[in-house]
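Engineer: make a model of this:
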Amino acid sequence: MPLQNQNIQIAQSSSHAPADPARRIPAEIVVPRPAEAVAGGHASAEHGEHEYKLGDIPQPSLLFANAVVVALIMIGFAIWSTRKLAAIPRGAQNLAEFIVESMMNFTRETIGPGGEKYAPLVGTIFFFIYLSNVIGLFPGLHSPTANLSTTLALGLIVFFYVQYVGIRARGLRGYVKHFMGPMPALAPLLMPIEIISELVKPFTLALRLFGNIFGEDTVIIVLSSLGVTMLAYAPVHFPILVLALLTTFVQALVFSLLTCIYISLQSHHEDEGGHAHAEAGHQGH
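Structural biologist: Residues are numbered from 1 along each chain as shown. Below you'll find the predicted structure:
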């Protein structure tokens, strides 16, 4: 009995005494509170649900890896086609010379005389976009151009290069003057409009390419899932794949064509401005 009374007194004194670090409850018998359990459940559920779903933009790291693959394909082809140059081209060299000649003719006809010097930039952009579009048609791969970050980066490259061409061709004073319009009296009205229209160009290039490629990939995924789940693996997406081979080329061509037109508008002086603008507008149409 005295021993029981002593145990009761010790228990009461410990309940009123401040918590002693040496007398903590063992960790193995501590039960988590309901709020902690619920929070942990939500965290694990959110972590488990972080997967790619239809309509989601792929992760930037995945798209960057595919972009690196496209760049390596272009570099590999350049090395392969120039490894053994011959006076009479054949094989890869023949194909490479045909591509280079086609891009030089394309830039010369679009930009004007001397436009072939911009063929390296325009050709690199064209084939990077085209291969990036095509690579998304293969299972397990994604188009780098289906991400707005990639297309915006391409648009900014074109934008800054076009401004550099304009300053080099006109001089800094002439570059600023062409934003003011033909009449000095209208400069306060036309200059903000011209500046805004110039700043919008990279965003229009980026959004046009991103919207077309991302929408195309989404349609292919939807039709593929319908063929698997509802129509017993029927290739209902095959017609879209055939059409995509054409649209991927068209999107790369449109981006390159607009790049040439922007370069043409900036590379001609004001005394040739009327003829250059009319020619560039005709080429654009």
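Engineer: for Ile221, give its distance to Val100.
Structural biologist: According to C-beta to C-beta, to the nearest Å, Ile221 stands 36 Å off from Val100. Using the backbone N, CA and C atoms, a C-beta is placed for each residue, glycine as well.
Engineer: likewise Ile157?
Structural biologist: 21 Å.
Engineer: do the same with Ile88
Structural biologist: For Ile88, the distance to Val100 - C-beta to C-beta - is 16 Å.
Engineer: quick check: mean pLDDT of the host helix or strand of Val158?
Structural biologist: According to DSSP states H and E, Val158 maps onto helix 148-177. For helix 148-177, mean pLDDT is 91.
Engineer: wait, Lys201 sits on Gly155?
Structural biologist: Yes: Lys201 lies in contact with Gly155 (C-beta atoms under 8 Å); the separation is 7.4 Å.
Engineer: these two - which one has more neighbours?
Structural biologist: Regarding Lys201 and Gly155, a neighbour count based on other C-beta atoms under 10 Å identifies Gly155 as having more, with 24 against 16.
Engineer: give the contact list for that one.
Structural biologist: Each residue near Gly155 by C-beta atoms under 8 Å, 6 or more residues apart in numbering is listed here: 201-206.
Engineer: could you pick out the buried ones from those?
Structural biologist: Buried by 16 or more other C-beta atoms under 10 Å: 201-202, 205-206, out of the contacts of Gly155.
Engineer: Phe210 - how many residues pack around it?
Structural biologist: 23.
Engineer: what about it, which helix or strand?
Structural biologist: Taking DSSP H and E as the definition, Phe210 sits inside helix 187-229.
Engineer: any idea of the angle that helix forms with helix 148-177?
Structural biologist: 160 degrees (axes from the mean of the first three to the mean of the last three C-alpha atoms, to 10 degrees).
Engineer: which elements pack onto helix 187-229?
Structural biologist: Identification of packing neighbours for helix 187-229 by 3 or more C-beta pairs under 8 Å, 6 or more residues apart in numbering; DSSP states H and E yields helix 148-177, helix 238-267.
Engineer: relative to helix 238-267, how tilted is that helix?
Structural biologist: Going by the same axes, to 10 degrees, helix 187-229 makes 160 degrees with helix 238-267.
Engineer: thinking again about what came up before, pull the most distant pair out of the contacts of Gly155.
Structural biologist: Of all pairs drawn from the contacts of Gly155, the one with the longest distance (C-beta to C-beta) is Lys201 and Ala206, at 9.7 Å.
Engineer: so what's Phe126 closest to, chain neighbours aside?
Structural biologist: Take Phe126 and drop its neighbours on the chain: the residue closest to it by C-beta to C-beta, 6 or more residues apart in numbering is Ser256, 4.2 Å away.
Engineer: contacting residues around that neighbour?
Structural biologist: Applying C-beta under 8 Å, 6+ apart to Ser256 gives the contacts 106, 122, 125-126, 129.
Engineer: secondary structure added to those, as a markdown table?
Structural biologist: Formatted as a markdown table, the contacts of Ser256 follow (DSSP: H, G, I helix; E, B strand; the rest coil):
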| residue | secondary structure |
| --- | --- |
| Phe106 | helix |
| Val122 | helix |
| Ile125 | helix |
| Phe126 | helix |
| Ile129 | helix |
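Engineer: quick one: which of those residues is most hemmed in?
Structural biologist: Among the contacts of Ser256, the one with the most neighbours (other C-beta under 10 Å) is Ile129, at 27 neighbours.
Engineer: and the pLDDT for it?
Structural biologist: Ile129 is assigned 94 on the pLDDT scale.
Engineer: same check on Thr247?
Structural biologist: Looking at Thr247, its pLDDT stands at 87.
Engineer: that one contacts Asp217, doesn't it?
Structural biologist: No: under the criterion of C-beta under 8 Å, Thr247 makes no contact with Asp217, lying 11.1 Å away.
Engineer: the two: who's more crowded?
Structural biologist: A side-by-side neighbour count of Thr247 and Asp217, using other C-beta under 10 Å, places Asp217 first with 19 against 15.
Engineer: thank you, goodbye.
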